[in-house]
Structures are given as structure tokens and as C-alpha cells.
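> Show me the folded form of this:
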Amino acid sequence: MLRPLVATDFPPWTEVRVRNEDWLLHWEPSRINHLADPTRSRDAFASRCVGRDRERMAGTGFGFGLFVDNALAGEVNINNIVRGALQCGTIGYWIDRSRAGHGYVAEGVAVSLRFAFEELHLHRMEICIVPRNTNSRRVMEKLQIREEGTAERYLEINGTWEDHIRFGITSEEWATRHPEFGERWF
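This is a model prediction of the structure:
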């Protein structure tokens, strides 16, 4: 199940994030202010949830907790939505290491794509992955999302400007492939 996280999700969220720090942090942007780390601060997590609510209301982002058997297993987020001539967004995700390898993220991304194209009426979605992140790349392989090339020094990850392989899918591709996604993922 995907749903927005709320302040009361702090205990399971912090437990999963702390337990998985070695697995996750080397793929994420550096924490600039450790005092406001939502992993360790209930108030910072609540503020993060409020920020996600604002993004949702503004239509600029949609963050979802990924739940498996009613337990928090990760997140799948639609970020950086731009309207106007672009009509694009990006998808980011993470999962608890103990839940990895079962297709949960691929299913969450597939559902997020359906939401992006069919509810938000976006034209294009991108997923950008550090080249050596073989687990995230495997999600794109499972979903057969088109690889578009490498963006050099695209995002700051763990203190370093990292290249990212860009994957993309358009609404035209979605219209053609929707039945295939439905058979496999919904």
C-alpha cells in the first residue's frame, strides 16, 4: 500500500531508517543540519510531513510511504513536478534492506507512474540513479523503463556530485504499455 506519511508514522519510520542507515545513506544527499534530521527528531519528521502536505496541495510533489503487510517498508515519492510546457516529475524511492528483492519498489513505482499519468496528467516521468546503484537500476530493468543517458554530476549524494543515469517514460509510452503494467503490477 502507498499512502502519505503522517506524524504518527515517526516510530516505525525512524526504526527502519536507523536500522538501514548503512544501506541507504550512501545513496542520498548529505544531511546539512543534523539537528533537524527527521530520522532522529520527532519534530523534524512532523515538519517533513507538513512539508509533503504543502507540496501535495501545491501539486509539486507527492510523497508516499510504502507499506507491506501494514508495516512501513520504504518510500516512493513523486518530486519536482513542473507544469507549463514541461509537465514532468521525478520519482525517487528507498526500501528497507530486509524487504528488498521482492518487487515492492517496482510495484510502488508502477502505481506511482499510473497516478502521475492518469491522475496528475503529467507528460513525462524521470528516474535518475547513481550508476553503481545496481539495486535501483534493477527496478528500472524490471519495469523496462527506457534509459536515456548519463547526466554528469547531476545531484549531490553523500557529499559528492554524482553522475546519474536518467531513465524516462512519457505519457505516450504509458498509454501503449499500461495494459502490460496492469497485468504485472496492479
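> CA only for contacts and neighbour counts going forward, please
Noted.
> and Met140, that one's in a helix?
Yes: per DSSP: H, G, I helix; E, B strand; the rest coil, Met140 lies within a helix segment.
> quick one: it and Cys128, what's the gap?
As judged by Cα to Cα, to the nearest Å, Met140 and Cys128 stand 10 Å apart.
> Check His121 too.
Distance check for His121 against Cys128: by Cα to Cα, it reads 21 Å.
> which stretch of helix or strand covers Glu152?
Glu152 belongs to strand 146-157 when elements are defined using DSSP states H and E.
> Likewise for Trp174?
Assigned by DSSP H and E, Trp174 falls in helix 171-185.
> Now the strand or helix carrying Ile165: buried residues?
When secondary structure is defined by DSSP H and E, Ile165 falls within strand 160-170. Residues of strand 160-170 classed as buried under the neighbour-count rule (16 or more other Cα atoms under 10 Å) are Glu162, Asp163, His164, Ile165, Arg166, Phe167, Gly168, Ile169, Thr170.
> what would these look like in a markdown table with distance to Arg83?
Formatted as a markdown table, the buried residues of strand 160-170 follow (distance: Cα to Cα, whole Å):
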| residue | distance to Arg83 |
| --- | --- |
| Glu162 | 26 |
| Asp163 | 25 |
| His164 | 23 |
| Ile165 | 23 |
| Arg166 | 20 |
| Phe167 | 19 |
| Gly168 | 17 |
| Ile169 | 16 |
| Thr170 | 14 |
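> Which one of those residues is nearest to Glu107?
Ranked by distance to Glu107 (Cα to Cα), the buried residues of strand 160-170 are led by Ile169 at 15.6 Å.
> what does the model give the closest one for pLDDT?
In this prediction, Ile169 carries a pLDDT score of 98.
> Also Arg31?
Looking at Arg31, its pLDDT reads 63.
> Do a quick rundown of the helices in the chain.
Remark: helices assigned in the chain by DSSP state H are 10-19, 21-24, 42-58, 104-114, 134-143, 171-185.
> ok, and what's touching the lowest-mean-pLDDT helix or strand in the chain?
When the helices and strands of the chain are scored by mean pLDDT, DSSP states H and E, helix 21-24 comes last with a mean of 92. Applying Cα atoms under 8 Å, 6 or more residues apart in numbering, the contact partners of helix 21-24 are Arg17, Trp94, Arg97.
> Correct me if wrong: the first one contacts Thr39.
Yes: at 6.4 Å, Arg17 counts as touching Thr39 under the criterion of Cα atoms under 8 Å.
> So between these two, which is more surrounded?
Neighbour totals were compared for Arg17 and Thr39, and Arg17 leads with 21 against 18 (other Cα atoms under 10 Å).
> dump the residue contacts of Gly84.
Listed by Cα under 8 Å, 6+ apart, the contact set of Gly84 is empty.
> Which residue is the nearest non-sequential neighbour of Pro29?
What sits nearest to Pro29 in space, not counting adjacent residues and going by Cα to Cα, 6 or more residues apart in numbering, is Ile157, at 4.2 Å.
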